[in-house]
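Asks: sequence and predicted structure are below.
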Amino acid sequence: MNQDFTAPPMGGENIPYRDLAADQFAVASKMNKSVLDNSSINISSKSNKNNIKYLIIAVIVILFFILIILVVLVLKSNQNSVSNLQPTPTSTPEIILDVNNSNLPQSVIMQVDQLNNDIKNVDLQELDLTYPNLDWEIIY
Amino acid sequence: MKKIIQILILPIICLLIISIPRVVFAQRQIADFTYQYQKYLQMYPNYEIKRDEFLDHKTLASQNDAISITQAIMIQRAMVMKTYFLALRYKLNTGPSFDADTISKLSFKLSDADGWLQNHIEDLSKVKNPTLTQLFEISNRFEKHKLEYSSLGYQSIATIYIGKMYDLQQRIIATDSILSQYISSLDDSSYLTNWLKDSKKSSYEALLSIRRAEDIRDNKLKNGTDVQFIKQLNRINDELENSKRLLLQSSGFQKEIIGELKKNYKIDLDVNSNNIDNNEATESSNINNL
């Protein structure tokens, strides 16, 4: 038992308390230090380098795909933005053609046929989306 | 090396996972609505039987049966409307759009209705051992929206139809423009010019018909009863059928013109033309899917 840290005597004598002893730290030896440094730092630095490499590659690949997606989205949005209605049938042509080469592109022929078919087959009934016939008065 | 391959494959898989549902989503919305509506139609006769049994016998057992089936049919009814509005909203946002303002207004209203219906379904599901009076009270809250929902539904359907016809009419105009370039470079093109004028005239009349349909949607589908809404939708359909007839007429002139142009021009089967064909084919398949 350390007598210095016991409670003061009940009689009221003025006995000074001893200062607290300074904390003692365990110091690693030079040998231990060097062993620790060599083993842990070497392994961790190598694996860190590898991880960083893979991370950089992954980030580059992901950014590349995001860039492609953005380009596709921008192109698509430009295509869909053609929404101006012409009050008269004389609108500006969408495709500028080289007529002077005296060739009629197959695409124009196909376009006319396709348009004709689309008009014939347009669905103006939408049976899938007929307004549902429900009971709107549930009461006895 | 293996890790690099894994890293390369992962984003591709992620992209596929992101893109596939968008393709499947369209059909899922309509399939969901169809499924919920079929379920409602199957449940309804059972509800009528249980209700009539309770009204005839007034026993405690028949009352309990009537309460449980009434609660179930009310939930199902709200589910039908919820999935219907979801399907309409999807159709509106994925179809040809020539009136972005109307589409965004309708989408907002449909989304709002969807939120209300979700809360209504949750309220109904939460109620434990309700009385019939409680259920009728909750049902009344739903039924107050009847005309609002009918108007919203019919306006949305009309907008989908009108969008389709606008799209076709715009394509006719674009084709007229292309054909006019070939006609103007011919020496003797007077009769072809006349056919082109006829085609343009028909497509313009079709446009007028589509605009009349728009007017009916904007003025007659906002207030009224169910029967009136159905009548107005029929009028819109008549106008759009008329525009379809006129566009077919216009397309007929274009086909005639192409027939004549074939005699004067060599047909060019170039790579670009094939690409355009493919685009056209996808466009048309999109139209058919709508």
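Replies: Thanks, I have the structure now. Not measured: the values here are computed from a predicted model.
Asks: tell me the confidence at B:Leu261?
Replies: With respect to pLDDT, B:Leu261 has a value of 86.
Asks: what helix or strand is it located in?
Replies: Per DSSP states H and E: B:Leu261 is located in helix B:226-264.
Asks: close to chain A, is that helix?
Replies: Yes. For helix B:226-264, a contact with chain A is found by C-beta under 8 Å from any C-beta of the partner chain, at B:237, B:240-241, B:244, B:247-248, B:251-252, B:254-255, B:258, B:261-262. For every residue, glycine as well, the C-beta is placed using N, CA and C.
Asks: mind listing what's buried along stretch B:176-192?
Replies: For stretch B:176-192, burial by neighbour count (16 or more other C-beta atoms under 10 Å in any protein chain shown) applies to B:Asp176, B:Ser177, B:Ile178, B:Leu179, B:Ser180, B:Gln181, B:Tyr182, B:Ile183, B:Ser189, B:Leu192.
Asks: same question, stretch B:256-267
Replies: So, applying 16+ other C-beta under 10 Å, buried residues of stretch B:256-267: B:Glu256, B:Ile257, B:Ile258, B:Glu260, B:Leu261, B:Asn264, B:Tyr265.
Asks: can you list contacts of that stretch?
Replies: With contact meaning C-beta atoms under 8 Å, 6 or more residues apart in numbering or on different chains, stretch B:256-267 is reached by A:102-106, A:108-109, A:112, B:179, B:182-183, B:186, B:192, B:195-196, B:199.
Asks: export it as CSV, just CAs?
Replies: Taking C-alpha atoms only, stretch B:256-267 is exported to CSV below (Å, rounded to 0.1, in the frame of the first residue of the first chain):
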residue,chain,number,x,y,z
GLU,B,256,-47.2,8.1,-107.4
ILE,B,257,-44.5,10.6,-107.5
ILE,B,258,-41.9,8.1,-106.5
GLY,B,259,-43.2,5.8,-109.3
GLU,B,260,-42.6,8.5,-111.8
LEU,B,261,-39.2,9.5,-110.4
LYS,B,262,-38.0,5.9,-110.7
LYS,B,263,-38.4,6.3,-114.5
ASN,B,264,-36.2,9.4,-114.5
TYR,B,265,-33.6,8.6,-111.9
LYS,B,266,-31.2,5.7,-111.3
ILE,B,267,-31.9,4.1,-108.0
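Asks: follow-up on the earlier one: tell me which of the buried residues of stretch B:176-192 fall in helices.
Replies: With helices taken from DSSP state H, the overlap with the buried residues of stretch B:176-192 comprises B:Asp176, B:Ser177, B:Ile178, B:Leu179, B:Ser180, B:Gln181, B:Tyr182, B:Ile183, B:Leu192.
Asks: okay, now the unreliable bits of the stretch 151-290 of chain B?
Replies: The model of the stretch 151-290 of chain B has pLDDT under 70 over residues B:267-290.
Asks: related to what we said a few turns ago, with distance to B:Ile75 added, can I get the buried residues of stretch B:176-192 in TSV?
Replies: TSV is the format used below for the buried residues of stretch B:176-192 (distance: C-beta to C-beta, whole Å):
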residue	distance to B:Ile75
B:Asp176	53
B:Ser177	54
B:Ile178	55
B:Leu179	57
B:Ser180	59
B:Gln181	61
B:Tyr182	62
B:Ile183	63
B:Ser189	67
B:Leu192	63
